[in-house]
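> how would this look folded up:
(chains A, B, C and D)
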Number of protein chains: 2
Amino acid sequence: MSHTLGIRQAQKQKTRRALLDAALGLLEEQSLSSLGLREVTRAVGVAPTAFYRHFRSTADLGVALVEEALGSLHPMIRTTVTAADSSDERITRAVELIARHVHAYPAHVRFIARERHGGVQPVREAIRGQLARFAEEVKAELAKDAEAEGWSDDDLLMLSHLYVDQMLVTASLFLEAQEAAAGGEVSAEERERVTRLATRQMRLISIGRHHWLDH
Amino acid sequence: MSHTLGIRQAQKQKTRRALLDAALGLLEEQSLSSLGLREVTRAVGVAPTAFYRHFRSTADLGVALVEEALGSLHPMIRTTVTAADSSDERITRAVELIARHVHAYPAHVRFIARERHGGVQPVREAIRGQLARFAEEVKAELAKDAEAEGWSDDDLLMLSHLYVDQMLVTASLFLEAQEAAAGGEVSAEERERVTRLATRQMRLISIGRHHWLDH
DNA sequence: AATCATGGAGAACAGTTGTTAACTGGATGA
DNA sequence: TCATCCAGTTAACAACTGTTCTCCATGATT
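Below is the predicted model of the structure:
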C-alpha cells in the first residue's frame, strides 16, 4: 500500500495475471490435470520457459487459483450469514448472493467445483482447507445466534458443513443453468427455477435446525 | 442369457473389461480429460490401435464407466429407502450402506465424484442423467410414505435431490477418510467420525422434512 | 473344406509435451 | 555512469500423444 512497485515487478505481476487468466479460461473446457504449461504460455503469447519465472508447475498455478477464487470470499460469507432479520429473509439473501457471485465469476466457480475432487492432490487440499475455514467461520457466526443455545460445538460444526456443502451444490446448479442457456434468454426462467429449488432446500434445512433440540 | 457367447466375443469382452479396469485404476490419480488412450492400452499390455475396437475415444470409455458405476446402483437405492421401520433406523441403515459401498468400490466412487463436474462433457451429462434417475426413484419411494401427504410433487423432488446430493457428499467423505489412512488402523475412528457426522446431517434433514408442512 | 469376418499387431505420421541450457536487453541500485 | 540483476527469449532434447493404413491369425459361417 505504501511505495509504488518498480516498473520491473509491475511487468512481472502483469504477465503473472495474464498466465492466471489464460489458465482459468482454458480450464473452462478441461481439468487441471490435463492443462499443459505450453498451452498456457501460448495463450498469453509468451515463451514456454517464461512460465517457470512464476510457477513451478501447473499444479502450483492451480493452488494460486484456489487462493484467488476462495480467499477473497471470506468477508462475504460473514456478512451474509449475519445481516438479516427473519430466517426466510436470510435464506433469500444468501441464495441471491450465490447467484450473483456465480454470474460475476463463473470461471472461478467452475474451477472450484471441478477441482474439489479433481486429479491434482495439492489443489484438492488447498480447496479442502479453504472450505474448512468457511465452515469454521459459519460456525462462529451461528454460535452468536440466540437459536444456538443448547447446541454442542460438534453439532454446530455439523450444521456449518451442511450449509457450506449446500452452498457449493447451489453454486454449481446456477452455473449449469446459465451455461445451458448460452445463446438466449432461456436463462431467466432457469435461474428462477434454481433459485426456487435452492431456497426451499435451505428452508428445509433451516426448519430442521429449529427443531433439532426437541428430539 | 440364453446361448453361450462364442469364444470370439468372449475374448473381446475380456479385453474390454481389462481396458475398463486399467482405466479405472489410472483414474485414481488423474482425471479423465488427461487420460491417454495409449496409457490405457499400455497398462493392459495391448497395442494402442486395439483400443479403437472397443471405444471411439477415452470420453466414450468414460461414459461406459459411468453406466457401470451408477447403473447397477438403482435396486440398492430402492431397497434402502424402503426397508426400515423408524426414521432413525432408516438413516443408520442408509449411512452404513454408503460406507459399505465406498469400501467395496472406492475407485468407482472416486471416479463419479471427480467427473461429475469434470472436464469431459459427455461424461458429465451421463452422470447428471443417472443422478436425475436416482432422484426420481427416491421421490417415487418417498411418495409412498404416509408422511408425504400434502406434499406437492415439486417439493418431493426438491427433497429427493437434497437426499441424493447428501448421499454423494457422504460418499466422498468416506472416501477421503479411508484414503487418508492408507497405512494403518486410524481408518476405524475416522470412519466412525464420518458416520456420526453424516448420520446427524441426515437426521437434521429428516427433522426438517417432518415439520415442512407446519409452516 | 473353403470363405468370410474381425480382434489385435506393427510401423509410421505429424504434433505435442516438459525441461535444460545459454543468451539478451532493459530496469535497478551503487 | 557502470556493473548487476532478472523476466523473458531462443534453440534443442527425448519422450510422448492420437490416428491412419496395412497386415495377420483365427474363430465363425456356409
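> Neighbours of residue A:70, how many?
Residues lying near residue A:70 (other CB atoms under 10 Å in any protein chain shown) number 19. For the C-beta atoms, the positions are set from N, CA and C on the backbone; glycine is no exception.
> Hmm, residue A:111 and it touching each other?
No: here residue A:70 does not reach residue A:111: they are 9.8 Å apart, not a contact under CB atoms under 8 Å.
> remind me, longest helix of chain A?
Secondary structure of chain A read by DSSP state H shows that its longest helix is helix A:153-180.
> now that one, how far from the chain's geometric center?
10 Å (CA atoms, centre = their mean, to the nearest Å).
> Buried residues in it, which are they?
Of all the residues in helix A:153-180, those buried under the rule 16 or more other CB atoms under 10 Å in any protein chain shown are A:155-178.
> and the closest residue in space to residue A:66 that isn't next to it in sequence, what does it touch?
Counting by CB to CB, 6 or more residues apart in numbering or on different chains, residue A:126 is the residue found nearest to residue A:66 once chain neighbours are left out, at 4.2 Å. By CB atoms under 8 Å, 6 or more residues apart in numbering or on different chains, the residues touching residue A:126 are A:62-63, A:66-67.
> Narrow those residues to just the buried residues.
Buried residues within these, defined by neighbour count using 16+ other CB under 10 Å: A:62-63, A:66.
> Write out the residues of chain A neighbouring chain B.
Chain A has residues A:27, A:29-34, A:110, A:113-114, A:116-119, A:155, A:158-159, A:161-162, A:165, A:169, A:172, A:197, A:200-201, A:204-212 near chain B, with proximity defined as CB under 8 Å from any CB of the partner chain.
> Excluding covalently adjacent residues, which one is nearest to residue A:170?
residue A:198 is the one closest to residue A:170 (CB to CB, 6+ apart), at 4.3 Å.
> Contacts for the host helix or strand of that neighbour next, please.
Using DSSP states H and E, residue A:198 sits in helix A:187-210. Contacting residues not belonging to helix A:187-210 are listed as A:87-88, A:91-92, A:94-96, A:98-99, A:147, A:159, A:162-163, A:166, A:170, A:173-174, A:177-178, A:180-181, B:155, B:158-159, B:161-162, B:204-209, B:211-212 [CB under 8 Å, 6+ apart].
> What of stretch A:96-108?
Defining contact as CB under 8 Å, 6+ apart, one finds that stretch A:96-108 is touched by A:24-25, A:27-28, A:65, A:68-69, A:73, A:76, A:80, A:109, A:167, A:170-171, A:174-175, A:178-179, A:191, A:194-195, A:198.
> Same check on stretch A:32-41?
With contacts defined as CB under 8 Å, 6+ apart, stretch A:32-41 is touched by A:19, A:22-23, A:26-27, A:47-48, A:50-51, A:57-59, A:61-62, A:114-115, A:118-120, A:123, B:30-31, B:33-34, B:119.
> tell me the SS of residue A:56?
Look at residue A:56: counting by DSSP: H, G, I helix; E, B strand; the rest coil, its state is coil.
> How about chain A: which residue is closest to DNA strand C?
With distances taken as CB to the nearest atom of the strand, chain A approaches DNA strand C most closely at residue A:6, which sits 2.5 Å away.
> who touches that residue in this structure?
Contacts for residue A:6 were tallied using CB under 8 Å, 6+ apart; there are none.
> Please apply the same query to the one 10 residues further on.
For residue A:16, the contacting residues are residue A:54, taking CB under 8 Å, 6+ apart as the criterion.
> Correct me if wrong: residue A:172 contacts residue A:109.
Yes: under the criterion of CB under 8 Å, residue A:172 lies in contact with residue A:109, with a separation of 7.0 Å.
> can you narrow the contacts of stretch A:32-41 to ones near DNA strand C?
Intersecting the contacts of stretch A:32-41 with the surroundings of DNA strand C, defined as CB under 7 Å from any atom of the strand, gives A:48, A:57-58.
> Tell me the first helix or strand C-terminal of the lowest-mean-pLDDT helix or strand in chain A.
Every helix and strand of chain A was ranked by mean pLDDT, DSSP states H and E. The lowest is helix A:74-82, at a mean of 80. The helix or strand immediately downstream of helix A:74-82 is helix A:87-104, counting by DSSP H and E.
> next SSE after that next one?
With elements assigned by DSSP H and E, the helix or strand that comes after helix A:87-104 is helix A:106-115.
> and the helix or strand just after that next one, what's its mean pLDDT?
Note on helix A:106-115: by DSSP H and E, the next helix or strand toward the C-terminus is helix A:121-144. This predicted structure assigns helix A:121-144 an average pLDDT of 97.
> Extract the CA atoms of helix A:121-144 and return them as PDB.
Extracted C-alpha coordinates of helix A:121-144, given in PDB (Å, rounded to 0.1, in the frame of the first residue of the first chain):
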ATOM      1  CA  GLN A 121      -3.700 -33.500  -4.900                       C
ATOM      2  CA  PRO A 122      -2.200 -30.200  -3.800                       C
ATOM      3  CA  VAL A 123      -5.100 -28.300  -5.300                       C
ATOM      4  CA  ARG A 124      -7.700 -30.600  -3.700                       C
ATOM      5  CA  GLU A 125      -6.100 -30.000  -0.300                       C
ATOM      6  CA  ALA A 126      -6.000 -26.200  -0.900                       C
ATOM      7  CA  ILE A 127      -9.700 -26.300  -1.600                       C
ATOM      8  CA  ARG A 128     -10.400 -28.500   1.400                       C
ATOM      9  CA  GLY A 129      -8.500 -26.200   3.600                       C
ATOM     10  CA  GLN A 130     -10.400 -23.100   2.400                       C
ATOM     11  CA  LEU A 131     -13.800 -24.800   2.800                       C
ATOM     12  CA  ALA A 132     -12.900 -25.900   6.300                       C
ATOM     13  CA  ARG A 133     -12.100 -22.300   7.100                       C
ATOM     14  CA  PHE A 134     -15.500 -21.300   5.700                       C
ATOM     15  CA  ALA A 135     -17.200 -23.900   7.900                       C
ATOM     16  CA  GLU A 136     -15.400 -22.600  11.000                       C
ATOM     17  CA  GLU A 137     -16.500 -19.100  10.200                       C
ATOM     18  CA  VAL A 138     -20.100 -20.000   9.600                       C
ATOM     19  CA  LYS A 139     -20.000 -21.900  12.900                       C
ATOM     20  CA  ALA A 140     -18.700 -18.900  14.700                       C
ATOM     21  CA  GLU A 141     -21.500 -16.800  13.200                       C
ATOM     22  CA  LEU A 142     -24.100 -19.400  14.100                       C
ATOM     23  CA  ALA A 143     -22.900 -19.600  17.600                       C
ATOM     24  CA  LYS A 144     -23.800 -15.900  18.100                       C
END
